[in-house]
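Q: what would the 3D arrangement of this be:
(2 chains)
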Amino acid sequence: AQSVTQLDSQVPVFEEAPVELRCNYSSSVSVYLFWYVQYPNQGLQLLLKYLSGSTLVKGINGFEAEFNKSQTSFHLRKPSVHISDTAEYFCAVSYFGNEKLTFGTGTRLTIIP
Amino acid sequence: DVKVTQSSRYLVKRTGEKVFLECVQDMDHENMFWYRQDPGLGLRLIYFSYDVKMKEKGDIPEGYSVSREKKERFSLILESASTNQTSMYLCASSSYRGTNTEAFFGQGTRLTVV
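A: Take a look at the predicted model:
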């Protein structure tokens, strides 16, 4: 069975500092990986996805993530955060032939001015 | 743009009531999902449907049922609402045409059962 672990429930970061949000997954087969963002009082919006090919994936709003198969990780990074990045971030996994998305418990990113 | 619309943003219902949460998508997606979101627990899948009249249980189906009579509409039913079903409910849709694609989400329905 597939599962996703987001170890950090909250991450405070100063404005313009870099940030990394961690995501580890477990699956016995090849996976597809996603990062979603949820701004206050809104639904989820896709930030980026890894389906195949290059392990470094670039997404919207300056975010990127790197797929590391040996470490079963898909960490999200941004070199310089802005106040508008304050949101909750969810990592999710699925695999070919199974449309079910399994989510992590989320990481709340707080930007300190 | 894909649009997933949930019929209500906020709902307050009484214990024991039958509750219907409606979701409509406009992109002819085959798959539709209902998730429940609770603080510290992330999103947990209640039910999903991969075709009209087809459904499969997710991780937490107890106390819920679903209906998909038309491709664009997926309803979540709480047969007899209880206070532990107070939560944010999120509907999503996706397509399996081509490679695996992302799910698109509605704005959510915050349900309070009193």
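Q: C-alpha only now, for contacts and for neighbours.
A: Fine.
Q: state the distance from the residue of chain A found nearest chain B to residue A:8.
A: For chain A, the residue closest to chain B is residue A:105, as judged by Cα to the nearest Cα, at 3.7 Å. Per Cα to Cα, to the nearest Å, residue A:105 is found 9 Å from residue A:8.
Q: ok, residue A:86 next?
A: 15 Å.
Q: got it, and residue B:34?
A: For residue B:34 relative to residue A:8 (Cα to Cα), the value is 25 Å.
Q: need the contact list for the residue in chain B that chain A sits nearest to.
A: In chain B, the residue that lies nearest chain A is residue B:42 (3.7 Å; Cα to the nearest Cα). Neighbouring residues of residue B:42 by Cα atoms under 8 Å, 6 or more residues apart in numbering or on different chains: A:90, A:103, A:104, A:105, A:106.
Q: excluding chain neighbours, what is closest to the second one?
A: With Cα to Cα, 6 or more residues apart in numbering or on different chains as the criterion, residue A:103 has its nearest non-adjacent residue at 4.3 Å, and that residue is residue A:92.
Q: was I right about that neighbour contacting residue A:33?
A: Yes - shown here, residue A:92 and residue A:33 form a contact pair, counting by Cα atoms under 8 Å, at 5.8 Å.
Q: get me the contact residues on chain B for chain A.
A: B:31, B:40-45, B:48, B:90, B:96, B:99-100, B:102, B:104-108 (Cα under 8 Å from any Cα of the partner chain).
Q: how many neighbours does residue 22 have?
A: Here I'm looking at chain A. 17 (other Cα atoms under 10 Å in any protein chain shown).
Q: correction: the question concerned chain B.
A: Around residue B:22 there are 18 residues (other Cα under 10 Å).
Q: repeat that for the one 3 residues further on.
A: When neighbours are counted by other Cα under 10 Å, residue B:25 registers 23.
Q: quick one: contacts for it?
A: So residue B:25 contacts B:2, B:3, B:4, B:5, B:72, B:73, B:93 (Cα under 8 Å, 6+ apart).
Q: of those, which is the most crowded?
A: Neighbour-wise, those (other Cα under 10 Å) top out at residue B:93, 29 neighbours.
Q: that one - that's part of a strand, no?
A: Yes - under DSSP: H, G, I helix; E, B strand; the rest coil, residue B:93 sits within a strand.
Q: identify the residue nearest residue A:88 in space, chain neighbours excluded?
A: Residue A:88 sits nearest to residue A:108 (Cα to Cα, 6+ apart), 4.3 Å away.
Q: just the pLDDT for that neighbour.
A: pLDDT, residue A:108: 96.
Q: is residue B:91 in a bridge, and if so with what?
A: residue B:34 (DSSP bridges).
Q: can you pull the contacts of it?
A: B:4, B:6, B:23, B:32, B:33, B:34, B:35, B:105, B:106, B:108 are the contacts of residue B:91 under Cα under 8 Å, 6+ apart.
Q: of those residues, which is the most crowded?
A: residue B:32 (32 neighbours).
Q: SS state for that residue?
A: strand.
Q: my guess is it contacts residue B:93. True?
A: Yes - between residue B:32 and residue B:93 there is a contact at 4.3 Å, judged by Cα under 8 Å.
Q: show me where pLDDT drops low in the chain?
A: The chain I'm using is chain A. Judged by pLDDT under 70, chain A has its weakly predicted residues at A:28, A:97.
Q: my question was about chain B, not that one.
A: B:1-2, B:97-101.
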